[in-house]
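*Asks:* Structure here, sequence nowhere to be found:
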Ligand SMILES: [Zn+2]
């Protein structure tokens, strides 16, 4: 989408009542950063995101693509469990949470909009399909359709909103299995690239290790998509820093997003390595926490979103990270990563 068309789309959303005037006023992009960010409540200027957790989940339903349904839980029950956690993290200084649950794994746009309004936290949702976990969350039509047909579905969500809610996706989520890409995973990645070229939405791909990371970047290059439109999700799982550096130097985003009390050291060592290489400007941080699980009593045990604030940032400070470096990781990088902007190779 060209910038003019994009502005027109925003104006249309405004005239349709999707954006309150106050939000629209806050939307005027700064001269240096032309893109906007799409949240579950509409477009905002990137600067409005503030402190951002780049990869979290409110609800994940592991039942499988063939049986997943919002009928499997009561939104009131979910809100009762989740809202205290969202409010807690808001009090800790978080302003935006990127919700990475894709369709067929429990994405619920109406629920996210409700939780955003009730908590005061900005939430971003997604379009796209998840090919990891041995394809359990891929709907059957994805096997029959071409990458172009799948992209057309995702572009429609961008244009018209998700499931009749009017909520629009703020990024493309996909996922691939370990090792070399399967045919279906390669198709999902190609569909994500095509969707990026139509919408300007950034692609966040559950990836983990270097082999599928490199193969995805090759597909993106083949479609003319710049690596800066792609987030290597769960990059902390790849132990070899050389692969991280290779991807980051091309412009890809590294998402070290499994921060928990048990994994502090591993995440710290990854971030320290990127600092030594002068690549902190390509790094995102998060917990991959949450996960109200339908089908389990009370939604199972919900993991809070607080470790980054209570443990990881203090650990960064102790390791010599400056205020500006921490701000780069938690405020500046997410603003840039999630801007809606078509990024072409070359
Ligand atoms: Zn996740």
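*Replies:* Cool, the structure landed. Here the structure is a predicted model, which means the values were calculated and not measured.
*Asks:* Can you name the residues of the chain that neighbour the ion?
*Replies:* Residues of the chain lying close to the ion (C-beta under 5 Å from the ion) are 100, 288. All C-beta spots, glycine's among them, are computed from the backbone N, C-alpha and C.
*Asks:* Low-confidence ranges, the chain, go.
*Replies:* For the chain, the stretches flagged by pLDDT under 70 are 1-34.
*Asks:* in the stretch 1-150 of the chain, what residue is nearest the ion?
*Replies:* residue 100 (4.7 Å; C-beta to the ion).
*Asks:* Count residues in the vicinity of that residue, would you?
*Replies:* Neighbour count for residue 100, taken as other C-beta atoms under 10 Å: 29.
*Asks:* do you know how far it is from residue 315?
*Replies:* Distance of residue 100 to residue 315, given as C-beta to C-beta, to the nearest Å: 24 Å.
*Asks:* Equivalent analysis for residue 249, please.
*Replies:* Distance from residue 249 to residue 315, by C-beta to C-beta: 26 Å.
*Asks:* With adjacent residues omitted, what lies nearest to the residue of the stretch 1-150 of the chain closest to the ion?
*Replies:* residue 55 (5.1 Å; C-beta to C-beta, 6 or more residues apart in numbering).
*Asks:* ok, the helix or strand containing that neighbour: who's next to it in the sheet?
*Replies:* Per DSSP states H and E: residue 55 is located in strand 52-59. Take DSSP bridges as the rule and strand 52-59 pairs in its sheet with strand 96-99 (parallel), strand 290-292 (parallel).
*Asks:* Which one of residue 249 and residue 315 is surrounded by more residues?
*Replies:* The neighbour count for residue 249 versus residue 315, taken as other C-beta under 10 Å, is higher for residue 315 (17 against 13).
*Asks:* ok, so what distance separates the more buried one from residue 234?
*Replies:* Counting by C-beta to C-beta, the gap from residue 315 to residue 234 is 20 Å.
*Asks:* now residue 116
*Replies:* Counting by C-beta to C-beta - residue 116 and residue 234 are separated by 25 Å.
*Asks:* And the helix or strand hosting residue 115, what does it pack against?
*Replies:* Per DSSP H and E: residue 115 is located in helix 109-119. Helix 109-119 sits against strand 52-59, helix 75-91, strand 122-124, with contacts defined as 3 or more C-beta pairs under 8 Å, 6 or more residues apart in numbering; DSSP states H and E.
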